Structure formats: structure tokens, C-alpha cells
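# let me see the structure of the following:
(one chain, ligands or ions: 1)
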Amino acid sequence: GTTLKAAAERSGRYFGAAMGGDRLSDQGFLTIANREFDMMTAVNEMKPDATEPNRGQFDFRAGDAIYNWATQHGMRVRGHTLAWHAQQPRFWGSLSGSALRTAMIDHINGVMAHYRGKLYAWDVVNEAFAENGSRRGSNLQSTGNDWIEVAFRTARAADPSVKLCYNDYNIENWTYAKTQGVYAMIRDFKSRGVPVDCVGLQTHFTGGSSLPGNFQTTLSSFAALGVDVALTEADVTNASATQYAGLTQACVSVPRCVGITTWGIRDSDSWRGSENPLLFDRNSNPKAAYTSVLNAL
Ligand code: XIL
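Numbering: from 1, shown residues only. Alright, predicted model coming up:
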């Protein structure tokens, strides 16, 4: 039979997963990862707190372990993430204003220098918007509204070869205020030449609600601005086969939707506890949602 990656590759797309460093010794995980996936994201190991625990003291061991395993098995790697309100280095907590801004820039330069030329994409900025469509309050936002474009300009200069993504959740529904807020920022960035190449839609679907019927509209609207789009952290409450088929169809219907990543492989890998939101069960068996995704690719 076919696999997720083979089916995705038929249309020039990838099918990715996220893994933590602890999965590098988990044969069950590695077997499925190697068989089904051709893109990998580190769950925590390339986040700011992991890569720069102390100022100017970078630690790439955990990120590199994932990078090395993935690339040795023919996968590409998405970098996640450089600037975020959460999982920050502790020392950022005692900085503000221009000192914090400088720390962010130094962080982007330090991490991107290490991975220069090696990654498919970076989630340069993660989750910078609030649900009402305005900027989320954070220490980074308090350094000035231009922190996001400074992050992207810094990133482009640090590694011109990697795609630079803005990544967020709850931006799948086109009529939702947060979606419109992110869309307006990307439109503004493209009109002013701020370097942004892609928008990552995390695609954490919750509850019994149906997939937003306008998800495809959201993807094609972002794409029309001249960016790639990707589903970067997909998981669905109880792995509804219908919703997984719908999100897959939305992506494959949009030429610039480059790939889908699920946030883990088996339910036992998920950050969403008992929601069983992934494509494989705790015994490594494919679930109904797996077949629905495969059929929709
Ligand atoms: C989550 C990880 O899965 C957890 O292990 C960690 O404790 C918290 O972060 N959006 C993101 C991801 O961009 O980085 C988050 O990952 C899930 C939500």
C-alpha cells in the first residue's frame, strides 16, 4: 500500500510530524516516522528556551539530535520557533525595551547561524495575535509594534536560503477576527517588502464542531498574497475522520499549500492528553482518520 508521504509527494507536497527528543529511543515511533513522513519538526528542542538557556550561550544538542536523525532518514526539517511569548529563555524575563529587542535579534542570529542552509523553513514568529485580531500582549510586543518585521528582516539576513513563516492557531476560519488580523499583517508585509514566505496554520481543531467550511478560502486568500501556506501542527479532537479528510482536502485544493504536519504520530505522543487526536493509536495502528487523510491526499 501507499503511505502518507508517498501520497503527498505525488502532488509535490510533504507530510510531516513533530517529535520530541525522547522519541529518538522509541522504536515504535521511529518505525512509523520513517515509513510515513518526509518532514519533521522538533516539539520543544528548537524553541528559544532550549537553544539559548543563558545569554549568548547556545545549546543545539537536543535540536541537532532530531535534525540529524530526520535528515539521515531522508526527511527535511521545519525549524520551530525563534520568537514567541512562551518558552522563552529565563533571562528574557528580566529584559524589556531595547535590551529585549536586542536579545531577540541576537537569538535569531545565533540560532539561524547554526542551522544556516540546513532547514526547509523557520517559524520565525509564533502566536503573536490575540483572539480579537489585535496583537497579543507580551514582553516582545511591548518592545514596539515593529518587533515582528524586525524579526523577519533579521531572519532573512541570517539565512537567505530558508523559508520564513509566520505561525499561529485559530486562524483557519476565514471570518474569524484573528484570521483577519494575521491576514492584514501579511498583506501589509508583502506590500512593504518585509520578507515573509509562508504562513503556518497550526490547525489544532477542538470540540465536536465541524471543520470550518471556509478553511480552503483562508488558505487560498493567504496564498493570493504571495506566500506559501502549510498546516503545521494538525490534531483533531478524537481524530474525527471527517475533519481530517476536510483539512486535507482544503490543503490539496490550494496549489500553494505545501504540506501538512501532525503534532505527533500516535495518540501517546500528543500534548492533548486524552483527546486521542492523532492518526495512529497507542499501539501504533493507523486509525480511521489515517485512511481518510490518505484517500484525500
Ligand atoms: C507544545 C508542546 O507540544 C508541549 O510539549 C509543550 O509543553 C508546550 O508546547 N503551539 C505551538 C507548539 O506552536 O509549540 C506547542 O507545542 C503547541 C501549541
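# who's in contact with residue 134?
residue 181 (Cβ atoms under 8 Å, 6 or more residues apart in numbering). C-beta coordinates here come from the backbone N, C-alpha and C atoms, glycine included.
# for it, give its distance to residue 269.
34 Å (Cβ to Cβ, to the nearest Å).
# same check on residue 241?
The gap separating residue 241 from residue 269 is 19 Å, by Cβ to Cβ.
# same question, residue 256
Taking Cβ to Cβ, one finds residue 256 at 29 Å from residue 269.
# neighbour count for these two, which is higher?
residue 269 (25 against 18; other Cβ atoms under 10 Å).
# for the lengthiest helix in the chain, what is the distance to the chain centroid?
Of all segments of type helix in the chain, defined using DSSP state H, the longest is helix 97-114. Chain-centre distance of helix 97-114: 20 Å, with Cα atoms, centre = their mean, to the nearest Å.
# give me the neighbour count for the closest residue to the ligand within the stretch 1-150 of the chain.
Closest contact between the stretch 1-150 of the chain and the ligand, by Cβ to the nearest ligand atom, is at residue 43 (4.7 Å). Using other Cβ under 10 Å, residue 43 has 20 other residues around it.
# show me what contacts it?
Residue 43 makes contacts with 18, 19, 20, 263, 264, 271, as judged by Cβ under 8 Å, 6+ apart.
# any stretches of the stretch 151-297 of the chain with poor pLDDT?
207-210 (pLDDT under 70).
# residue of it with the smallest distance to the ligand?
For the stretch 151-297 of the chain, Cβ to the nearest ligand atom, closest residue to the ligand: residue 271, 3.5 Å.
# quick check: end-to-end length of stretch 263-278?
8 Å (Cα to Cα, to the nearest Å).
# equivalent analysis for stretch 8-28, please.
22 Å.
# who touches whichever helix or strand comes after the longest helix of the chain?
Helices and strands here follow DSSP states H and E; after helix 97-114, the next one along the chain is strand 121-126. Under the criterion Cβ under 8 Å, 6+ apart, residues 78-84, 108, 112, 115, 148, 151-152, 155, 159, 162-168, 196-198, 200, 230, 232 lie in contact with strand 121-126.
# hmm, 6 Å instead?
Strand 121-126 is contacted by residues 78-84, 148, 151-152, 155, 162-167, 200 when judged by Cβ atoms under 6 Å, 6 or more residues apart in numbering.
# check whether it contacts the ligand.
Yes. Judged by Cβ under 6 Å from any ligand atom, strand 121-126 comes into contact with the ligand at residue 126.
# give me the angle between that strand and helix 97-114.
Put simply, strand 121-126 runs at 170 degrees to helix 97-114, going by axes from the mean of the first three to the mean of the last three Cα atoms, to 10 degrees.
# can you tell me which helices and strands the following helix or strand past strand 121-126 packs against?
Per DSSP H and E, the first helix or strand lying C-terminal to strand 121-126 is helix 147-158. Other elements packing on helix 147-158 under the criterion 3 or more Cβ pairs under 6 Å, 6 or more residues apart in numbering; DSSP states H and E are helix 97-114, strand 121-126.
# next one: helix 147-158 to chain centre, how far?
17 Å.
# check stretch 92-112 too.
The answer for stretch 92-112 is 21 Å, by Cα atoms, centre = their mean.
# for it, list the C-alpha coordinates in CSV.
C-alpha atoms of stretch 92-112 as CSV (Å, rounded to 0.1, in the frame of the first residue of the first chain):
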residue,chain,number,x,y,z
TRP,A,92,14.4,37.4,28.6
GLY,A,93,12.1,37.7,31.6
SER,A,94,14.4,40.4,33.2
LEU,A,95,14.8,42.4,30.0
SER,A,96,12.5,44.9,28.3
GLY,A,97,12.5,47.6,25.7
SER,A,98,15.6,47.9,23.5
ALA,A,99,17.5,45.4,25.6
LEU,A,100,14.9,42.7,25.0
ARG,A,101,14.7,43.7,21.3
THR,A,102,18.5,43.2,21.1
ALA,A,103,18.3,39.9,22.8
MET,A,104,15.6,38.7,20.3
ILE,A,105,17.8,39.8,17.4
ASP,A,106,20.9,38.2,18.9
HIS,A,107,18.9,35.0,19.5
ILE,A,108,17.6,34.9,15.9
ASN,A,109,21.1,35.5,14.6
GLY,A,110,22.7,32.9,16.8
VAL,A,111,20.2,30.1,16.1
MET,A,112,19.9,30.7,12.4
